[in-house]
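[1] sequence? don't have it. structure:
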């Protein structure tokens, strides 16, 4: 930078501290003896210093030529000595540090070597220990394996011993039961024989019998051989051959697909082959699909008939496809599941002489479930697989003898086929009765026909060979009677005995347990009607959330039933002798709540059921039985009494006493205690609620409309039919009319209409408690009883202009009114009971005084006809005469939200107490046992039916029987079986 001085340092001006503070290395800076310069001693290999030049000076020098000058001089000996005093200790210290570092390194090396040696030694020891542990582990594993094999062997032996023990126990029980039954039969037969021998008929026919026997001897006829007595069951080992599952197909693609796919998907250990026979199906889609599916699975053998051979010929062809394989006949309208074939085969080889095995099904006559000898739908919430699993778990390994197998699904052993022969094509062509004939031929040859109680197969019925079988069935039955004269009697005896009853009930209980839902007991009367319908509808409405049982009075007993459509579950408990058994059964079922719908027909004990079980209970007021022994608040004239007080009730009871002879105060106290402690008193209408709240202020009354109408706001507006000026007004009255429901009033109004020539005609869809006057004496047509499901179609057919409810008592709801509301029909009802509130605000509806005279009613109808129908002027919307304001004493209620809120579900633990309902207990409470007039009546009817069956099998009476119309035969049998 030319001659310009940028930075400098001098000892005199800046002092030594600046250099001492600057970064330096391998330098010793010391003040000199003379204060003219800094004394610096350089040592080491890299002496250096960073000069303390300010940053701004460096910035100024950037990019310029700079000269750096340093003045150096040789120190004086005194200065050197001063530095030596400083450096010498440092060098001594450095030497000491180096010596110490060397020693430390040697010591560290020695320690390292010692550590390495120790580690090597430890590793050697570890390897030895590992080798020892490995050897021990192998020894332990070998011991564990031997112990496991020993345990498995012992478990297998224990299982075999347990099964043998159970089998011996079952055989012992069966033998004891058979011995007892044989003793009873022997005693009964001996007594019956003595009665026959002493009868006039026997003494009168004895000469004829002797003459017949002599004639047979002259003709060389022998007495029939003694039937073969079957030896005790002795299980045998099945052969190695596969089972041919034979499916004859005629029509029904969807059913056939379900059947075939279910067979292919089932998980069975038994080797099998699916033999499908197309019996010249008239449906091309069936033939095409069978050909396609047969190419996709090597287990399928498809055989096609060139012409229709019928069921018997087709099945025989299938059974002839092998000379070694057992055959299993399977209708094309069935569905199988799980290891079904394994269980049927196990049953088939449970004895050396088993010809056929038939499983349970929903549609299999004597093998039907849940109702015996009836076609059934699958129970609610069940499919084939889940129901079959319950059968397998509940009735494992159980079989019973049956008089005949059922051809929808029948396992047939090959050795029995070889001995007995194939189905009889000549006698049974298209297919009905052939399996019955085979089974009876097998039985005559000493073979058994079994019903496997642990297997379920779905059978939709009537698809494989069409539904037009009635005449063919009758012809086949006649052939069976001719070929096997004892067939009817054997089947009848089996139906009466119903030995699978307990097995069906055990599965019912298993279904209940499998749901793990809370169980509710509905206490009902035995008179049907709206009460029973509501209980059934409530059970169906809450089907996914609860299981319902019902308790119904019977002569000298009560019936405990599973409250579901077409249920077959029923237990009978004598009252009061078996009340304790009933309580034990209800506890085993884990009844969590009791719902009293009606106590008519029940004794005092039933009113305490909730307390005895320790559960809550509700009471639904379907009528007024709790406050009025006449049930309907009517007097001796069968009209509404007006509820004038206890004095009026006393006079009424003098004419019609209460059950047990109670006075009105005792009666109401008895029922009031039940209502006061109930969780809720449920009423279907506000009118009923007010009456109960007034009678029992302490009761918790809740308005709970029935569940038959899902959405009351969506009910249709009434449809009005046009009426010509000369045409009559058609008025429909619906139901089974008693006096209190207005049967006499209907007849009186209709008679007056005929007398006056009024253009009004009445139609009773239903019947009355007596024969009513009809045309021409009365403007009335009685159409007769109907089924509930037929009502909608009947109303659509009749097309009434309006429906009249001539009730003379305060009905609490009226299901018939619900039907009219849903159908959108104009309605006329009395100003009594639930009618005003249910019709409140509704168009084309009228409320009329309930106590109007017949003349007043007829005048009213004539006015409605003229003003509203002929002139087509709509009446004002119906306004209920009774007060419709909300009553603070009556709370709101919802079955969906409130009913199950505090009711606990079943205990789903494995050790729950449903085991208390054993097979022995079930059989002990099978309906029909015990004593009593009703049981004696049933026994007499059963005996009469047995006699008729026996007589019908006699050749001289066979032709006479065929001349009786089938409907009369059916009615007689239905009455005798009831």
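    The structure has been received and is ready for your questions. Being a predicted model, the structure only gives us computed values, none of them experimental.

[2] any weak-confidence spans in the stretch 301-450 of the chain?
    Within the stretch 301-450 of the chain, the set of residues satisfying pLDDT under 70 is empty.

[3] which residues in it form strands?
    Per DSSP state E, counting those that start in this stretch, the stretch 301-450 of the chain carries strands over the ranges 326-330, 334-335, 354-360, 399-401, 409-412, 448-456.

[4] One more: the stretch 651-800 of the chain?
    Taking DSSP E, counting those that start in this stretch as the criterion, the stretch 651-800 of the chain contains strands spanning 680-683, 701-703, 729-737, 760-768, 780-782.

[5] Most tightly packed of those?
    Greatest average neighbour count among these goes to strand 680-683 (a mean of 25), per mean count of other C-beta atoms under 10 Å. In this view, the C-beta of every residue, glycine as well, is placed from N, C-alpha and C.

[6] Quick check: which helices or strands does that one pack against?
    Other elements packing on strand 680-683 under the criterion 3 or more C-beta pairs under 8 Å, 6 or more residues apart in numbering; DSSP states H and E are strand 616-620, helix 686-695, strand 701-703.

[7] So which of those is nearest residue 746?
    Residue 746 sits nearest to helix 686-695 of all the helices and strands packed on strand 680-683, at 23.0 Å, using C-beta to C-beta.

[8] Report the secondary structure element holding residue 155.
    helix 77-198 (DSSP states H and E).

[9] low-confidence ranges in the stretch 451-600 of the chain?
    Judged by pLDDT under 70, the stretch 451-600 of the chain has its weakly predicted residues at 462-470.

[10] 50 - rerun?
    In the predicted model of the stretch 451-600 of the chain, residues 463-468 satisfy pLDDT under 50.

[11] ok, now which ones touch the residue lying closest to residue 823 once chain neighbours are set aside?
    Nearest residue to residue 823, sequence neighbours excluded (C-beta to C-beta, 6 or more residues apart in numbering): residue 795, at 5.5 Å. Residue 795 makes contact with 732, 765, 819, 820, 823, 825 under the criterion C-beta atoms under 8 Å, 6 or more residues apart in numbering.

[12] would TSV of those residues with distance to residue 844 and pLDDT be doable?
    Listed next are these as TSV, based on distance: C-beta to C-beta, whole Å; pLDDT from 0 to 100:
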residue	distance to residue 844	pLDDT
732	14	98
765	19	97
819	16	95
820	11	96
823	12	95
825	8	97
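
[13] Residue 721: which of those residues is nearest?
    Taking those together and measuring to residue 721 by C-beta to C-beta, the closest member is residue 825, at 9.6 Å.

[14] Where do the domain boundaries of this structure fall?
    11-75, 243-504, 516-703, 716-870, 941-977 (automatic domain parsing).

[15] Can you say which of the ones you listed is nearest to residue 901?
    Nearest of the domains of the chain (C-beta to C-beta): domain 516-703, 10.1 Å.

[16] What is the end-to-end distance of that closest one?
    Chord length of domain 516-703, first to last residue, is 30 Å (C-alpha to C-alpha, to the nearest Å).

[17] try stretch 398-410
    Start and end residues of stretch 398-410 are separated by 16 Å (C-alpha to C-alpha).

[18] again with stretch 593-603
    First-to-last residue span, stretch 593-603, C-alpha to C-alpha: 19 Å.

[19] Could you check that stretch and say which residues are buried?
    593, 594, 595, 596, 597, 598, 599, 600, 601, 602 (16 or more other C-beta atoms under 10 Å).

[20] With distance to residue 508 added, can I get the residues you listed in JSON lines?
    Putting the buried residues of stretch 593-603 into JSON lines (distance: C-beta to C-beta, whole Å) gives the following:
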{"residue": "593", "distance to residue 508": "20"}
{"residue": "594", "distance to residue 508": "20"}
{"residue": "595", "distance to residue 508": "20"}
{"residue": "596", "distance to residue 508": "24"}
{"residue": "597", "distance to residue 508": "22"}
{"residue": "598", "distance to residue 508": "24"}
{"residue": "599", "distance to residue 508": "26"}
{"residue": "600", "distance to residue 508": "27"}
{"residue": "601", "distance to residue 508": "24"}
{"residue": "602", "distance to residue 508": "24"}
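
[21] Please narrow these to those residing in helices.
    If you go by DSSP state H, the buried residues of stretch 593-603 have nothing in helices.

[22] Could you check how many residues crowd around residue 411?
    Neighbourhood size, residue 411 [other C-beta atoms under 10 Å]: 27.
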